[in-house]
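Undergrad: this one's structure only:
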């Protein structure tokens, strides 16, 4: 789980560079588990209203680093992070999913060298 410290937390606010498929999908899995576990915990500890507000704040905080790793994942495929805007269209969700699953460029591309990624 070294990828979490090297590629996710250490570069949480950095969109520059590249991230591998493994790094992106493992980070997505960990974020999903944290999000699913946090809601009932927050509601149990703080009550429904404050718990839901706390949970939404957590989701907003998690969204930023997850967006950054998604941008770096798109960079690994040789595309700009602006492609994430396709997510807000109906067909774009499938396009983004395809790009996130696609194998990254073997060699260096406009966004860096593959040796720079974990």
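TA: Thanks, I have the structure now. From a predicted model like this one, the values you see are computed outputs, not experimental measurements.
Undergrad: check which residues of the helix or strand that contains residue 30 are buried.
TA: Per DSSP states H and E, residue 30 falls inside helix 21-46. Using 16 or more other C-beta atoms under 10 Å as the test for burial, helix 21-46 gives 23-24, 26-28, 30-31, 38-39, 42-43. Heads up, the C-betas are built off the backbone N, CA and C, glycines and all.
Undergrad: report all helices and strands that that helix contacts.
TA: Judged by 3 or more C-beta pairs under 8 Å, 6 or more residues apart in numbering; DSSP states H and E, helix 21-46 is in contact with helix 2-3, helix 48-76, helix 92-101.
Undergrad: nearest approach to residue 83 belongs to which of those?
TA: Nearest to residue 83, of all these, is helix 48-76, at 5.4 Å by C-beta to C-beta.
Undergrad: that closest one - contacts with which helices or strands?
TA: Applying 3+ C-beta pairs under 8 Å, 6+ apart, one finds that helix 48-76 contacts helix 21-46, helix 92-101.
Undergrad: the last one to helix 21-46, inter-axis angle?
TA: The reference is to helix 92-101. Relative orientation of helix 92-101 versus helix 21-46 (axes from the mean of the first three to the mean of the last three C-alpha atoms, to 10 degrees): 120 degrees.
Undergrad: which residues are contacting helix 92-101?
TA: The contact list for helix 92-101 (C-beta atoms under 8 Å, 6 or more residues apart in numbering) reads 21, 24-25, 70, 73-74, 77, 79, 83-87.
Undergrad: among these, which ones are buried?
TA: Buried among the contacts of helix 92-101 (16+ other C-beta under 10 Å): 24, 70, 73-74, 77, 79, 83-84.
Undergrad: can I get those residues in TSV with distance to residue 106 and pLDDT?
TA: What follows is these, written out as TSV (distance: C-beta to C-beta, whole Å; pLDDT from 0 to 100):
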residue	distance to residue 106	pLDDT
24	17	91
70	21	95
73	16	93
74	16	94
77	11	93
79	15	94
83	20	94
84	23	94
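Undergrad: sorry, back to before: just the helices and strands packed on helix 21-46: most buried one?
TA: Highest mean neighbour count of the helices and strands packed on helix 21-46: helix 48-76, a mean of 17 (counted as mean count of other C-beta atoms under 10 Å).
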